[in-house]
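Q: just a sequence and a predicted model for now, questions to come.
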Amino acid sequence: MRRAKISIIGAGNVGATTAHIAAIKGLGDITLLDISEGIPQGKALDISQAMPLEGVDAVIKGTNKYSDTAGSDICVITAGIPRKPGMSRDDLLKTNTEIVSQVSKGIREYSPDSIIIVVSNPLDAMVYVAHKVTGFSKERVIGMAGILDSARFRHLIASDLNVSEESVSALVLGGHGDQMMPMARLANVAGIPISHFMDNKKIEKIIESVRNGGIEIVNLLKTGSAYYAPASSVCEMIESIVKDKKKILPCAAYLDGEYGTKGVFMGVPVKLGSKGAEEIIEIALDENEMELFQTNAKNVKELMVKTGL
Ligand code: APR
């Protein structure tokens, strides 16, 4: 059986780390593409040389040419500039709209049947750009954000309670911005609601930390944004798609009336399988949650307009 072909466009911190983790997990053959000459080639060689040690047979190639990505099953877009201190995700909009548009054209030309995972920020708007430029169906253009925000939520709960990270399940809905929606009422430890373990004050504090999770790292790193947990999050999506696992994962998916929202990419639980976003799971939101979801949708729509597409 043919190995999946995974192309990662943008061989920077998130792209190269995604390639490394995906290679180690044996998810497929990997092509790393970047505009910067030598960088993708050097990183691909380095990752290739780790394969005998990891016991993985995979072809990992670095390139500056889209023709090398031809026929990809999955294309991950990690090209763009990352956030710097004092910069909001929205500040990135103009530059990254141009970059993601250019990348999307390359994908459209050489991998017209691929599934696209967008990582570049501001995420919800960049997924829209990729969808608009490629014209791919809504099932085949998905954004990575909710898994990362939910992993941050899970980690904060697990470390506070001193329990296994694996025992904690948590979900963040909405946009990948300051008003994201960590769903505390659904968070649980082995099926037991977190309210059994902690009071509201503690839960509120954790929610605040989840919302600030990205900026906290930006402020510490000073020269870039998070990449280890983002890369692990992308690999969770790649794995569910290439193995047709049909995991339910929070992803930025195109809403066509679900959650009372139309024509916007937002974070919702999605069934991810070989066809991409195969189903959107619509959970009942209470009045306050729905209001916040709509505020998120309005913010994303404003960004979409600013892309000029
Ligand atoms: N085509 C291909 N690659 C490009 C292009 C382009 N048009 N423009 C920029 N790049 C490449 C850069 O050369 C760089 O190697 O994208 C890479 C970005 O890497 P980093 O600067 O290390 O940024 P990173 O931390 O990986 O973040 C990438 O993901 O999480 C988001 O906000 C983040 O938008 C940012 C993106």
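A: Okay, I see it.
Q: hey, let's count contacts and neighbours off CA atoms from now on
A: OK.
Q: what is the burial count for the closest residue to the ligand within the stretch 151-300 of the chain?
A: Of the residues in the stretch 151-300 of the chain, the one nearest the ligand is Ser225, at a distance of 5.3 Å by C-alpha to the nearest ligand atom. Neighbourhood size, Ser225 [other C-alpha atoms under 10 Å]: 22.
Q: hmm, it is touching Gly213, no?
A: No. Contact between Ser225 and Gly213 fails when scored by C-alpha atoms under 8 Å: they sit 10.5 Å apart.
Q: hmm, back to that, show me the contacts for the residue of the stretch 151-300 of the chain closest to the ligand.
A: Residues near Ser225 by C-alpha atoms under 8 Å, 6 or more residues apart in numbering: Pro82, Arg83, Lys84, Gly214, Ile215, Ile217, Val218.
Q: returning to what we had before: okay, and the common contacts of Ser225 and Gly213?
A: The contact lists of Ser225 and Gly213 share no entry, where a contact means C-alpha under 8 Å, 6+ apart.
Q: all strands of this protein, in order?
A: 5-9, 29-33, 60-63, 74-77, 115-118, 141-143, 168-169, 172-173, 181-182, 188-189, 192-193, 247-256, 262-273, 276-280 (DSSP state E).
Q: same list (these) but as TSV, adding mean neighbour count.
A: As requested, the strands of the chain are arranged in TSV below (neighbours: other C-alpha atoms under 10 Å):
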stretch	mean neighbour count
strand 5-9	28
strand 29-33	27
strand 60-63	23
strand 74-77	27
strand 115-118	28
strand 141-143	30
strand 168-169	22
strand 172-173	28
strand 181-182	24
strand 188-189	21
strand 192-193	15
strand 247-256	24
strand 262-273	24
strand 276-280	21
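Q: could you dump the ones you listed to CSV with mean pLDDT?
A: Below are these laid out as CSV (pLDDT from 0 to 100):
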stretch, mean pLDDT
strand 5-9, 98
strand 29-33, 98
strand 60-63, 98
strand 74-77, 98
strand 115-118, 99
strand 141-143, 98
strand 168-169, 98
strand 172-173, 98
strand 181-182, 98
strand 188-189, 98
strand 192-193, 98
strand 247-256, 98
strand 262-273, 97
strand 276-280, 98
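Q: and these as a markdown table, adding distance to Ala229?
A: Shown next, in a markdown table, are the strands of the chain (distance: least, C-alpha to C-alpha, whole Å):
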| stretch | distance to Ala229 |
| --- | --- |
| strand 5-9 | 16 |
| strand 29-33 | 19 |
| strand 60-63 | 22 |
| strand 74-77 | 15 |
| strand 115-118 | 15 |
| strand 141-143 | 15 |
| strand 168-169 | 16 |
| strand 172-173 | 15 |
| strand 181-182 | 17 |
| strand 188-189 | 21 |
| strand 192-193 | 25 |
| strand 247-256 | 15 |
| strand 262-273 | 17 |
| strand 276-280 | 21 |
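Q: and stretch 155-167, what's buried?
A: Applying a neighbour-count criterion of 16 or more other C-alpha atoms under 10 Å, the buried positions in stretch 155-167 are His155, Leu156, Ile157, Ala158, Glu165.
Q: the second one against Ile206, yeah?
A: What that stands for is Leu156. Yes. Leu156 lies in contact with Ile206 (C-alpha under 8 Å); the separation is 6.6 Å.
Q: buried sites along the worst-scoring helix or strand of the chain on mean pLDDT?
A: For the chain, counting by mean pLDDT, DSSP states H and E, helix 213-221 ranks last in confidence among helices and strands (a mean of 94). Going by neighbour count (16+ other C-alpha under 10 Å), the buried part of helix 213-221 is Gly213, Gly214, Ile215, Val218.
Q: who's in contact with the third one?
A: Counting by C-alpha under 8 Å, 6+ apart, Ile215 touches Pro85, Ser225.
Q: that older thread, tabulate the buried residues of stretch 155-167 (a markdown table), appending pLDDT and distance to the ligand.
A: Below are those laid out as a markdown table (pLDDT from 0 to 100; distance: C-alpha to the nearest ligand atom, whole Å):
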| residue | pLDDT | distance to the ligand |
| --- | --- | --- |
| His155 | 98 | 19 |
| Leu156 | 98 | 20 |
| Ile157 | 98 | 23 |
| Ala158 | 98 | 24 |
| Glu165 | 98 | 23 |
